[in-house]
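1. Here's a sequence, model it:
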Amino acid sequence: MPKNLSASRRYIIIDECLHNRFHLPSSSVMAQHPGVWTIGELADKIAEKLDLRNPPSERTIKEDIRVMRSGEMGYEAPIRNLSRIGYYYADPDFSITQNPLSELDIENLKEVLAILKQFKGFRYFTDVNSIISKIEDTVNISEYSRVLFDTVPDAAGLEFIEPLSAAIRQKNIVSATYQPFDRDVAETLKLHPYVLKEYNNRWFVLAWSEKDHKTWIYALDRIRTIKLLDEEFEPAHPDDIRGYFKNIVGVSLPTGKPVEEVIVRMRKLRANYLLTKPLHPSQEIIQKDNDSVTFRYLLILNQELESKILELGNDATVIAPPGLWERIKAIAGSILENYHIEERKQKMES
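-> Next up is the predicted model:
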């Protein structure tokens, strides 16, 4: 990529100049020198095209020509210099815009495209899908990607990403039929969608409900139908959206619960996982010894936090708060009891 946008624009203008085969340089009026440009003329043309107060320096133009000649941008432009006359294209048909991608660019593009195509849910973004199709027309992608993501291409609710994205962008209220897992019947809600969020291979929308008069998180896989209404809403302040997720792990924000100090002791080897991928931005180390590392968090307790701690298995021990300690202990005891019940059943059957 160009070092900066200005440099990229200068390259294009220089390319346009060297394509002008009718230009006669100020350094010569001889007919055999058409299409030759002096450094000063190139600088003046750049200043004119970019509406600059002062033209770029001779040193800048010479550096641009050096870059265009080299392979570092993938151009390898056949720019020649006539001593005391100026610069020209040895191949009058050459243009940096005819082959803007180097072989390395194409290889990198193949890899990026292969990565994007793993996110099948994004097929609902028609603009992105169109771009990918255009890229595929000119680039043969490999059959596999060297970078794989943990994606669920056929997860329920992905078809609502595009209409919700449009509603957020256009500030349209939506009418959605929504059925939580704990209810037998779906209800119709008028929502002001603020932001889409992915967590643990599920998609959610943070929205204000006209029925409940509060901002809440809604799982896309629980939406049955959605319709954009011809009504607009006032977007939430970015600080309010960030504030919703600030003190939680995951997406659910329990009503009325305070931020608490959560302390978790980890076995030293497993602690490396939290050191490289913190459980939450508030994570800090408060104690280390030969066997363990103790972490401190400022969090509102929710189900996702419990799940994350349970994922850590016997490598993690909750120290505080007492309520979380008791909760994890009860869940662990219930898991153990399930295995005891199954073990007794198997013994009876045998």
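
2. Give me the residue ranges of the stretch 1-150 of the chain where confidence is low.
-> In the predicted model, the stretch 1-150 of the chain carries pLDDT under 70 at residues 1-5, 28-32, 99-150.

3. And the helices in it?
-> Counting by DSSP state H, counting those that start in this stretch, one finds helices in the stretch 1-150 of the chain at the ranges 5-19, 39-50, 58-69, 103-118, 126-138.

4. angle of the third one against helix 39-50?
-> In this case it means helix 58-69. 80 degrees (axes from the mean of the first three to the mean of the last three Cα atoms, to 10 degrees).

5. what's the angle between helix 58-69 and helix 5-19?
-> 80 degrees.

6. Okay, domains of this protein per the record?
-> Per automatic domain parsing, the domain ranges recorded for the chain read 5-89, 158-246, 260-339.

7. Adding distance to Pro254 as columns, could you present these in CSV?
-> (C-beta placed from N, C-alpha, C; glycine too.) What follows is those, written out as CSV (distance: least, Cβ to Cβ, whole Å):
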stretch, distance to Pro254
domain 5-89, 46
domain 158-246, 11
domain 260-339, 6
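
8. Would you convert these into JSON lines that also reports mean neighbour count?
-> Output for the domains of the chain, formatted as JSON lines (neighbours: other Cβ atoms under 10 Å):
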{"stretch": "domain 5-89", "mean neighbour count": "16"}
{"stretch": "domain 158-246", "mean neighbour count": "16"}
{"stretch": "domain 260-339", "mean neighbour count": "15"}
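
9. Quick check: which of those is nearest to Ile96?
-> domain 5-89 (4.8 Å; Cβ to Cβ).

10. Please enumerate residues in contact with the one helix or strand Glu304 maps to?
-> Using DSSP states H and E, Glu304 sits in helix 303-311. When contacts are defined by Cβ atoms under 8 Å, 6 or more residues apart in numbering, helix 303-311 is touched by residues 199-200, 248-252, 262, 264, 279, 299, 316, 318, 324, 327-328, 331-332.

11. And the residue lying closest to Ser95 once chain neighbours are set aside, how close does it get to Glu72?
-> Counting by Cβ to Cβ, 6 or more residues apart in numbering, Asp15 is the residue found nearest to Ser95 once chain neighbours are left out, at 5.9 Å. The gap separating Asp15 from Glu72 is 16 Å, by Cβ to Cβ, to the nearest Å.

12. same thing with Phe245?
-> Distance of Phe245 to Glu72, computed by Cβ to Cβ: 42 Å.

13. Packing partners of the host helix or strand of Arg224?
-> According to DSSP H and E, Arg224 maps onto strand 223-232. Judged by 3 or more Cβ pairs under 8 Å, 6 or more residues apart in numbering; DSSP states H and E, the packing partners of strand 223-232 are helix 161-170, strand 172-178.

14. let's go with 10 Å and repeat that
-> Counting by 3 or more Cβ pairs under 10 Å, 6 or more residues apart in numbering; DSSP states H and E, the packing neighbours recorded for strand 223-232 are helix 161-170, strand 172-178, strand 187-199, strand 202-209.

15. Roughly how far does the residue nearest to Ser95 sit from Ala166?
-> According to Cβ to Cβ, Asp15 stands 39 Å off from Ala166.

16. same check, this time on Arg267
-> From Arg267 over to Ala166 (counting by Cβ to Cβ), the distance is 47 Å.

17. Check Tyr199 too.
-> Tyr199 is 22 Å from Ala166, where distance means Cβ to Cβ.

18. Span of stretch 275-293 from start to end?
-> For stretch 275-293, the first-to-last residue distance is 10 Å (Cα to Cα, to the nearest Å).

19. So which residues make contact with it?
-> Stretch 275-293 has contacts (Cβ atoms under 10 Å, 6 or more residues apart in numbering) with 245-250, 259, 261-274, 294-299, 305, 308-309, 312, 315-317, 319.

20. Strands - which of the residues you listed land there?
-> In this view, the contacts of stretch 275-293 that belong to strands under DSSP state E are 261-267, 294-299, 316-317, 319.

21. relative to strand 316-320, how tilted is the lengthiest helix in the chain?
-> Criterion DSSP state H: the longest helix present in the chain is helix 322-349. If you take the same axes, to 10 degrees, helix 322-349 sits at 140 degrees to strand 316-320.

22. So which other helices or strands are in contact with helix 322-349?
-> Applying 3+ Cβ pairs under 10 Å, 6+ apart, we find helix 322-349 packed against strand 260-267, helix 303-311, strand 316-320.

23. and of these, who's closest to Ser57?
-> Short answer: helix 303-311, nearest of these by Cβ to Cβ, at 56.6 Å.

24. Alpha carbons only: can I get the closest one in CSV?
-> Provided in CSV are the C-alpha atoms of helix 303-311 (Å, rounded to 0.1, in the frame of the first residue of the first chain):
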residue,chain,number,x,y,z
GLN,A,303,-24.7,-16.1,33.5
GLU,A,304,-22.0,-15.5,30.9
LEU,A,305,-19.5,-14.9,33.7
GLU,A,306,-20.5,-18.1,35.4
SER,A,307,-20.1,-20.0,32.2
LYS,A,308,-16.6,-18.6,31.6
ILE,A,309,-15.5,-19.5,35.1
LEU,A,310,-16.9,-23.0,34.7
GLU,A,311,-15.1,-23.4,31.4
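
25. circling back: rebuild the helices and strands packed on strand 223-232 as TSV, extending it with mean pLDDT and distance to Arg84.
-> Formatted as TSV, the helices and strands packed on strand 223-232 follow (pLDDT from 0 to 100; distance: least, Cβ to Cβ, whole Å):
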stretch	mean pLDDT	distance to Arg84
helix 161-170	86	57
strand 172-178	92	65
strand 187-199	91	62
strand 202-209	91	66
